[in-house]
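Student: The amino acid sequence is not available; the structure is as follows:
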Ligand SMILES: C[S@@+](CC[C@H](N)C(=O)[O-])C[C@H]1O[C@@H](n2cnc3c(N)ncnc32)[C@H](O)[C@@H]1O
């Protein structure tokens, strides 16, 4: 892996450095308890979600200008308003339907969605949130009380996937936050990338891949019709596969809107992409060394949307559509949302056009981010796919 030199990253402040030491100590103890090695997926899980310690579980600001990265709902309320138009189409067609948002982060998307659904006269009976971080749940609670007092009664936090859920599920940038396995293809077989404790930090190690990972690599090689070359290194998300299976188990009737940066399997495992798709975010600097700054930087991996589609179909869901975020926003009502543009002041117009550019331009979030919609029941394809659908590229 070619690492960006940590010297190009900003230095953590004193409090963050202490937090990082605490998380590193915790991971070291976990490594010692596991015979000196954690799989990368275990390392990523501890760094992000160790209770009270991990990046998402401890109290730092992650989202927005003061944090480490910006997501689409943080860029503009337009995102939530347009997603709400699509949700409304589904909610209106199913009696007693609800919304379930996974990984609600700062709570911004929930606020925009609920306000827009109210304006569209399509409020769900309840808006459920499944958020694994207790710290983020508490922040969401406080924010909704402050910014959404008239609708706060409709919001509930759930701790597990409901059964027989009817309605709309939404997840923005959750798939990329699920821990991934990292593997190395050798002529001798498939190896699992692991993390060990070394001198003052962490280091990579390899061991024979356990059965589920070896089987997943064999299956994707079978699908691609090639054997990956010696030393080819990449990721596979067993967690995403399991998460989609759980969603399929949970959904009675309705649609699942997934937004994330990702590509099809052919692009994901392209020959030139021989170092995988891990990306780390620290104070708005993106780099590819996940072993530094444990607990104070975000760790993500791009999504193989072909794998998501496979898991969905295996769970009995239909693929209702797949396209880029920019195609989704254009098909789902961006133009309608811009109708009042001429009446805005010049500074407001500049701000709004800046937001639209960030959400839709190819070099920003427009192309790398995709929207996949899964569904079950008598549902029409969402109108977002009226112009384009790239499902056949998966
Ligand atoms: C990158 S953040 C995205 C936050 C928000 N959706 C947004 O767009 O700003 C990932 C979120 O997913 C949550 N998360 C991670 N794994 C999850 C899971 N298995 N179920 C639900 N939420 C999860 C994290 O705690 C965090 O809130």
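Tutor: Structure's in. What do you need? This is a predicted model, so every value here is computed, not measured.
Student: Quick check: residue 51 touching residue 132?
Tutor: No. At 9.8 Å, residue 51 does not count as touching residue 132 under the criterion of CB atoms under 8 Å. For the C-beta atoms, the positions are set from N, CA and C on the backbone; glycine is no exception.
Student: higher neighbour count, these two?
Tutor: residue 132 (18 against 12; other CB atoms under 10 Å).
Student: What segments of the stretch 251-394 of the chain are strands?
Tutor: 251-263, 278-282, 285-287, 298-301, 303-304, 318-324, 369-376 (DSSP state E, counting those that start in this stretch).
Student: a markdown table for those strands, including distance to the ligand and mean pLDDT?
Tutor: Listed next are those as a markdown table, based on distance: least, CB to the nearest ligand atom, whole Å; pLDDT from 0 to 100:
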| stretch | distance to the ligand | mean pLDDT |
| --- | --- | --- |
| strand 251-263 | 8 | 97 |
| strand 278-282 | 9 | 93 |
| strand 285-287 | 13 | 89 |
| strand 298-301 | 7 | 95 |
| strand 303-304 | 12 | 98 |
| strand 318-324 | 17 | 96 |
| strand 369-376 | 11 | 97 |
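Student: Check those strands for me and report the most buried one.
Tutor: Among these, ranked by average contacts under mean count of other CB atoms under 10 Å, first place goes to strand 303-304 (a mean of 28).
Student: contact partners of that strand?
Tutor: For strand 303-304, contacts defined as CB atoms under 8 Å, 6 or more residues apart in numbering pick out 175-176, 236-237, 240, 260-265, 268-269, 370.
Student: between the strands of the stretch 251-394 of the chain, which one is nearest to residue 41?
Tutor: strand 298-301 (10.0 Å; CB to CB).
Student: for the closest one, packing partners?
Tutor: Under the contact criterion of 3 or more CB pairs under 8 Å, 6 or more residues apart in numbering; DSSP states H and E, strand 298-301 touches helix 40-49, strand 278-282.
Student: picking that back up, just the closest of the contacts of strand 303-304 to residue 136, please.
Tutor: Among these, and counting by CB to CB, the member closest to residue 136 is residue 176, at 16.1 Å.
Student: Wait, the closest one touches residue 298, no?
Tutor: No. Using CB under 8 Å, residue 176 is not in contact with residue 298; the gap is 9.5 Å.
Student: neighbouring strands for the lowest-mean-pLDDT helix or strand in the chain, and are they parallel or not?
Tutor: In the chain, no helix or strand scores lower on mean pLDDT, DSSP states H and E than strand 285-287, which sits at a mean of 89. Strand pairing for strand 285-287, determined by DSSP bridges: strand 278-282 (antiparallel).
Student: Okay, angle between the strand it pairs with and strand 251-263 too, please.
Tutor: 80 degrees (axes from the mean of the first three to the mean of the last three CA atoms, to 10 degrees).
Student: State the distance from residue 221 to the ligand.
Tutor: From residue 221 over to the ligand the distance is 27 Å, taken as CB to the nearest ligand atom, to the nearest Å.
Student: actually residue 47, sorry about that
Tutor: Taking CB to the nearest ligand atom, one finds residue 47 at 13 Å from the ligand.
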